[in-house]
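**Q** have a look at this prediction, sequence included:
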Amino acid sequence: MKRLATGLPRPCSSARRTCRVDEQVHGKPLSPRRRVQPQCLGTQYSIRHASSKASRPRTALFFPGQGVQRVGMLTPWIEAFPATAKPIIEEIDSLMGYKLSKIIEEGPNSTLTSTVIAQPAIMASSILILRILEREFGFRPAERAEYTLGHSLGEFAALVAGGYASFEDSLYLVRKRAEVMAECSRRAVEEHGGEYGMVALVSEPDHLLPLIDAIHEFLGHHSAGSKSESAEDVPPIQQVLIANINSKNQIVLSGSIEKIKTLLTHVRVFSGHDPRAVRLKADSPFHSPLMKPAAIAMKKMLEGKSRVKGREHEDLVTFPGVMQCISNVTARPFKSKEELKDLWARQAVETVQWWDSIKYLDQEQHVRRWIGIGPGKVGRNLVGKEVGMRGKDGVKGGGVWGITDPKEIEEVLRGLDETETSGDDD
């Protein structure tokens, strides 16, 4: 068999001939669990995995949020798997109504990073990678994982992977919500002036919770339920919210940049905190009260019907899915269709509880394997901070992997197979 530049075997070209490679892949012996039987179907093949769900470690799939976009991020996938990738690219462009793929491939970067382009681009890229894993390697998410979750924007991809929404419907929601978000920012500047965006704060782990308390005290927010309410009557130029609690030492502030600067001065002078502040490349203050129109638009759209041909009379949301999906808002699985719709809409304005989500899965549900799917390595690093990166943690069967490039597939699949029976009864 010929090999691609990625080191992966090239699918057979004849649909009539059945290829069987039982003893080795890339010259390495295989365990009985990973017998490879490429079934030649045009230019794609499947790798069959025996299911040992009862004994393997609990596993979660996670997807990245905004900020991981980069020009050319899909090129390696198109070059490595053209027969599978190109029809998906065509579908994406058709659903978007313009050549989103061309912007991803060619840029410019200033266009790709704009909210209305970046959000659908990242979500679509994540699902394209997942589809390639499914169609080229026989990867079945529901057979390999119990949980799915996504960081902020990544929740749209997670709900597709978990079987709660179709790709077509979720991409439509992403596109429309992004348009409303961009309009929110434009109107805030036009009507109130000022500058809006997001700033990450990095502190020592044992300083994070006191820092959050100091920020809430300054802003007048003392409970999760009061955050948005207390900002209702505050003009946009004064609005700030903790948008993300990402890890044991990182949070993100969102809103008026001037107000964020004032807040930082306050916590440094009066609260004794000195976090490192990093301005993020975001043109809108996500997860802040300014995004309330986006939440309202999402709520209305989620009450509509599916856009998928043949399902026009069915609900857009399916419940239950094939895996449990963790909400950004509650850091717990969605419990019902109505709760999913409510929390999915509220996610636009409320804090992303990413750290709590990871702690819940790690400490309470004993998830030991984590598979990041999508562009960039930010999500993998955030998860790794909490649970330990692959090869550096002492947890039996544990690992944090990421699939951002075709070259990483072999390592991930091998790692999954090597830990398939490493589970315990926790």
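**A** Good, I have the coordinates. Numbering: from 1, shown residues only.

**Q** now Arg276. Its backbone dihedrals?
**A** phi -80, psi 130 (degrees, to the nearest 10).

**Q** for the stretch 301-426 of the chain, give me the ranges with low pLDDT.
**A** For the stretch 301-426 of the chain, the stretches with pLDDT under 70 are 389-397, 422-426.

**Q** run the chain-centre distance for stretch 402-420.
**A** 18 Å (Cα atoms, centre = their mean, to the nearest Å).

**Q** end to end, how far does that stretch reach?
**A** Stretch 402-420 has an end-to-end distance of 17 Å (criterion: Cα to Cα, to the nearest Å).

**Q** show me where the stretch 151-300 of the chain has its strands.
**A** Here the stretch 151-300 of the chain has its strands, by DSSP state E, counting those that start in this stretch, at 196-202, 240-247, 250-256, 276-279.

**Q** the shortest one - contacts with which helices or strands?
**A** When you say that, I think you mean strand 276-279. Contacting strand 276-279 under the criterion 3 or more Cβ pairs under 8 Å, 6 or more residues apart in numbering; DSSP states H and E are the following elements: strand 196-202. Glycine gets a C-beta too; all of them are placed from N, C-alpha and C.

**Q** how about the strand it packs on, which residues are buried there?
**A** 196-201 (16 or more other Cβ atoms under 10 Å).

**Q** which outside residues touch that strand?
**A** Outside strand 196-202, the residues that touch it by Cβ atoms under 8 Å, 6 or more residues apart in numbering are 185, 188-189, 211, 236, 243, 246, 249-257, 260, 264, 275-280, 282-286, 290.

**Q** follow-up on the earlier one: which one of the strands of the stretch 151-300 of the chain is the most hemmed in?
**A** Compared across the strands of the stretch 151-300 of the chain, strand 250-256 shows the largest average neighbour count, a mean of 26 (mean count of other Cβ atoms under 10 Å).

**Q** re the thing from before, could you dump the buried residues of strand 196-202 to JSON lines with distance to Arg368 and pLDDT?
**A** Formatted as JSON lines, the buried residues of strand 196-202 follow (distance: Cβ to Cβ, whole Å; pLDDT from 0 to 100):
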{"residue": "Tyr196", "distance to Arg368": "40", "pLDDT": "93"}
{"residue": "Gly197", "distance to Arg368": "37", "pLDDT": "93"}
{"residue": "Met198", "distance to Arg368": "32", "pLDDT": "96"}
{"residue": "Val199", "distance to Arg368": "34", "pLDDT": "97"}
{"residue": "Ala200", "distance to Arg368": "28", "pLDDT": "96"}
{"residue": "Leu201", "distance to Arg368": "30", "pLDDT": "97"}
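
**Q** from the middle of its chain, how far away would the lengthiest helix in the chain be?
**A** Using DSSP state H, we find that the single longest helix of the chain is helix 167-192. Mean-position distance between helix 167-192 and its chain equals 18 Å (Cα atoms, centre = their mean).

**Q** show me what it is packed against.
**A** helix 82-96, helix 115-137, helix 154-161, strand 196-202, helix 292-302.

**Q** mind listing the strands for the stretch 301-426 of the chain?
**A** In the stretch 301-426 of the chain, the segments counted as strands under DSSP E, counting those that start in this stretch are 324-325, 367-373, 399-403.

**Q** which of those is buried the deepest?
**A** When the strands of the stretch 301-426 of the chain are compared using mean count of other Cβ under 10 Å, strand 367-373 is most buried, at a mean of 26.

**Q** tilt between it and helix 154-161?
**A** Put simply, strand 367-373 runs at 100 degrees to helix 154-161, going by axes from the mean of the first three to the mean of the last three Cα atoms, to 10 degrees.

**Q** paired strands for strand 367-373, with orientation please.
**A** Sheet pairing for strand 367-373, assigned by DSSP bridges, gives strand 58-63 (parallel), strand 399-403 (parallel).

**Q** buried ones in the longest one?
**A** When burial is assessed from 16+ other Cβ under 10 Å, strand 58-63 yields the following buried residues: 58-63.

**Q** quick one: average pLDDT of stretch 67-78?
**A** For stretch 67-78, mean pLDDT rounds to 96.

**Q** what do you get for stretch 179-193?
**A** 93.

**Q** returning to what we had before: could I get the strands of the stretch 301-426 of the chain in CSV, plus columns for distance to Lys99?
**A** Putting the strands of the stretch 301-426 of the chain into CSV (distance: least, Cβ to Cβ, whole Å) gives the following:
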stretch, distance to Lys99
strand 324-325, 31
strand 367-373, 24
strand 399-403, 25
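
**Q** hmm, back to that, which stretch among the strands paired with strand 367-373 comes nearest Arg380?
**A** strand 399-403 (3.8 Å; Cβ to Cβ).

**Q** next, the angle from the closest one to helix 115-137.
**A** Angle, strand 399-403 to helix 115-137, by the same axes, to 10 degrees: 110 degrees.

**Q** mean neighbour count, the helices and strands packed on helix 167-192: which tops it?
**A** helix 154-161 (a mean of 28).

**Q** who are the packing partners of that helix?
**A** strand 58-63, helix 115-137, strand 147-150, helix 167-192, strand 324-325, helix 337-346.
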